[in-house]
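J.: Based on what follows, work out the 3D shape:
(chains A and B)
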Protein chains: 2
Amino acid sequence: MLEFWYEFASTYSYPAAMRIEGLAAEAGVAVAWRPFLLGPLLHEHQGMTDSPFNVVPVKGRYMWRDMERVCEEQGLPLTHPSQFPRHTVLAARCATVGLEAGWAPAFTRAVYQANFVADLNIGDEAVLRELLAEVGAAPDAVIAAAQSAEIKAALKDHGEQARARGVFGSPSFITADGELFWGNDRLEQALEWAVRHREVMA
Amino acid sequence: MLEFWYEFASTYSYPAAMRIEGLAAEAGVAVAWRPFLLGPLLHEHQGMTDSPFNVVPVKGRYMWRDMERVCEEQGLPLTHPSQFPRHTVLAARCATVGLEAGWAPAFTRAVYQANFVADLNIGDEAVLRELLAEVGAAPDAVIAAAQSAEIKAALKDHGEQARARGVFGSPSFITADGELFWGNDRLEQALEWAVRHREVMA
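T.: Next up, the predicted model:
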């Protein structure tokens, strides 16, 4: 098992979300999808109230160029969004709703594609309703559930878990034995670790 | 040709320095060694006066664990140094002296090993003298040259070049056509890029 912790505003989490299921299936590792909000952790750890890629422009310029290369290598389209980062609370709550029902992975991919390919405002409820319908979820019911105290608490709990386990960025991968790997470029190593240490868990 | 930009205090630059010549030789790519001081750029870009791994402890904890994994995978020894980061100005000036004479790569590796394996103070002139002697350089002459106006200016110029070309961390790799790659884990991609775009330069 490998936990995949992701924030919808995170650029490098887009290629990670698009490829994790294929790579994990090849490795025979199950993926536990863990949407969370990175903003509170960036604020707590680094005093930031905006994306690190906006706070430090030289890093931002590098990231966008690097994302072009990464996406080209993976054969993924990429659009520099007209607004960055976008609000992700409602999208993350919707994904949390979809964890049990099983559509969270498809919805997650749809949200990343909306944000980083179609340049749609994933903070907008109308956009999310369309994405929910696309993946076969019932928009009215999901939006209502997303605004329930239970789901709000569940997403907050994800954030607390992430903090407690040393997560500080997205995407992050955590193996069953607690090894943390940060970054899309660490996905292969995280899966290798999960495979190598599987016996210990069994 | 691939430029290898490195700061001696940088942890991830240690595995990069140890493996770049082997990988570059396999790829048929020449390496241009570029010692520089990252401190002024960290201050300018991010307002930091200490290592980011000290400024943001959660990142520091992750980095040391990740370094253990990276070094284990490369078969490199690693010691968590008793002092981090260490002063690197004199070491970087010595490396700059060695660029023309040809011993800069061997000296660079010796400095990283002193810092991250033997836990020696690479800010100490006596330590650097021993490392210089080990790689066949003449310590008296090199230390004198390192303190000359010419070498001080050359190292400062490296820092200016790094800044102008978008470098914000170490290790960084820049190809002949100006592509910047950041991080030990980008070395393979940087070499692939250099090979793929070689014709354009020839």
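
J.: check which helix or strand covers residue A:73.
T.: According to DSSP states H and E, residue A:73 maps onto helix A:57-74.

J.: typo on my end, residue A:112
T.: Using DSSP H and E, the element containing residue A:112 is helix A:104-116.

J.: ok, and what's touching that helix?
T.: The contact list for helix A:104-116 (Cβ atoms under 8 Å, 6 or more residues apart in numbering or on different chains) reads A:6, A:8-9, A:11, A:13-14, A:17-18, A:21, A:31, A:33, A:35, A:78-79, A:81, A:86, A:91, A:94-96, A:98, A:120, A:122, A:127-128, A:131-132, A:134-137. Just so you know, the C-beta spots here come from the backbone N, C-alpha and C atoms, and that holds for glycine as well.

J.: Could you find the closest non-adjacent residue to residue A:162?
T.: residue A:36 (4.9 Å; Cβ to Cβ, 6 or more residues apart in numbering or on different chains).

J.: how about that neighbour, phi and psi?
T.: phi -150, psi 170 (degrees, to the nearest 10).

J.: was I right about it contacting residue A:156?
T.: No: look at residue A:36 against residue A:156 with Cβ atoms under 8 Å: they stay out of range, at 9.2 Å.

J.: Looking at these two, which one has more neighbours?
T.: Under the criterion of other Cβ atoms under 10 Å in any protein chain shown, the comparison of residue A:36 against residue A:156 puts residue A:36 first, with 27 against 15.

J.: quick one: contacts for that one?
T.: Counted by Cβ under 8 Å, 6+ apart, residue A:36 has contacts A:5-7, A:92, A:155, A:158-159, A:161-162, A:167, A:170.

J.: ok, so of those residues, who is nearest chain B?
T.: residue A:167 (8.3 Å; Cβ to the nearest Cβ).

J.: What are the buried residues along the helix holding residue A:73?
T.: Neighbour counts using 16 or more other Cβ atoms under 10 Å in any protein chain shown place A:58-60, A:62-63, A:66-67, A:70-71 of helix A:57-74 among the buried residues.

J.: Please see if that helix touches chain B.
T.: Yes: residues of helix A:57-74 contacting chain B under Cβ under 8 Å from any Cβ of the partner chain: A:58-59, A:61-62, A:65-66, A:69.

J.: Alpha carbons only: can I get stretch A:38-56 in CSV?
T.: Only the C-alpha atoms of stretch A:38-56 are listed here, as CSV (Å, rounded to 0.1, in the frame of the first residue of the first chain):
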residue,chain,number,x,y,z
LEU,A,38,-1.3,22.3,1.9
GLY,A,39,-1.9,26.0,2.5
PRO,A,40,-2.1,25.7,6.3
LEU,A,41,1.2,23.7,6.4
LEU,A,42,3.0,26.2,4.2
HIS,A,43,1.9,28.9,6.5
GLU,A,44,2.8,27.0,9.7
HIS,A,45,6.2,25.7,8.4
GLN,A,46,7.3,28.6,6.2
GLY,A,47,5.1,31.6,7.0
MET,A,48,3.8,31.6,3.5
THR,A,49,0.3,32.8,2.5
ASP,A,50,0.8,32.1,-1.2
SER,A,51,2.4,29.4,-3.4
PRO,A,52,6.2,29.1,-2.9
PHE,A,53,6.4,29.5,-6.6
ASN,A,54,4.9,33.0,-6.4
VAL,A,55,6.7,33.9,-3.2
VAL,A,56,10.1,33.1,-4.8
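
J.: Looks like residue A:85 contacts residue A:51 (just checking).
T.: Yes: contact criterion Cβ under 8 Å: residue A:85 and residue A:51 qualify, at 4.8 Å.

J.: so what's in contact with the two at the same time?
T.: Counting by Cβ under 8 Å, 6+ apart, the residues touching both residue A:85 and residue A:51 are residue A:9.

J.: Contacts for the stretch of helix or strand residue A:22 belongs to, please.
T.: Secondary-structure element containing residue A:22, defined by DSSP H and E: helix A:13-27. Helix A:13-27 has contacts (Cβ under 8 Å, 6+ apart) with A:2, A:4, A:6-7, A:30-31, A:67, A:70-71, A:74, A:76, A:78, A:105, A:108-109, A:112-113, A:115-116, A:170-171, A:184, A:187-188, A:191-192, A:194-195.

J.: ok, the residue nearest to residue A:129 when sequence neighbours are not counted - how many residues close by?
T.: Sequence neighbours aside, residue A:139 is the residue nearest to residue A:129 in space, at 4.0 Å (criterion: Cβ to Cβ, 6+ apart). Neighbour count of residue A:139, defined by other Cβ under 10 Å: 17.

J.: chain center to the helix holding residue A:73, what's the gap?
T.: How far helix A:57-74 lies from its chain's middle: 17 Å, per Cα atoms, centre = their mean, to the nearest Å.

J.: How about residues contacting it?
T.: A:11-12, A:14-15, A:18-19, A:51-54, A:77-78, A:80, A:184-185, B:45, B:166, B:168, B:180-182, B:189.

J.: how about stretch A:156-167: buried residues?
T.: Neighbour-count burial for stretch A:156-167 [16+ other Cβ under 10 Å]: A:158-159, A:162-163, A:166-167.

J.: Would you check that residue A:7 makes contact with residue A:170?
T.: Yes: using Cβ under 8 Å, residue A:7 is in contact with residue A:170, at 4.0 Å.

J.: so what sits against both of those two?
T.: A:13, A:36, A:38.

J.: which bits of chain A sit near chain B?
T.: Residues of chain A that fall close to chain B, judged by Cβ under 8 Å from any Cβ: A:45-46, A:56, A:58-59, A:61-62, A:65-66, A:69, A:166, A:168, A:180-182, A:185-186, A:189.

J.: picking up where we left off before, can you flag the buried ones in the contacts of helix A:57-74?
T.: Using 16+ other Cβ under 10 Å, the buried ones in those are A:11-12, A:14-15, A:18-19, A:51, A:53, A:78, A:184-185, B:45, B:166, B:168, B:180-182, B:189.

J.: Could you tell me the end-to-end distance of stretch A:180-187?
T.: By Cα to Cα, to the nearest Å, the extent of stretch A:180-187 from end to end equals 11 Å.

J.: tell me the mean pLDDT over it?
T.: Stretch A:180-187 shows a mean pLDDT of 98.

J.: show me where pLDDT drops low in chain A?
T.: Of all residues in chain A, those with pLDDT under 70 make up the ranges A:199-202.

J.: now the helices: where do they sit in it?
T.: A:13-27, A:39-46, A:52-55, A:57-74, A:89-101, A:104-116, A:125-134, A:139-146, A:149-164, A:187-196, A:198-201 (DSSP state H).
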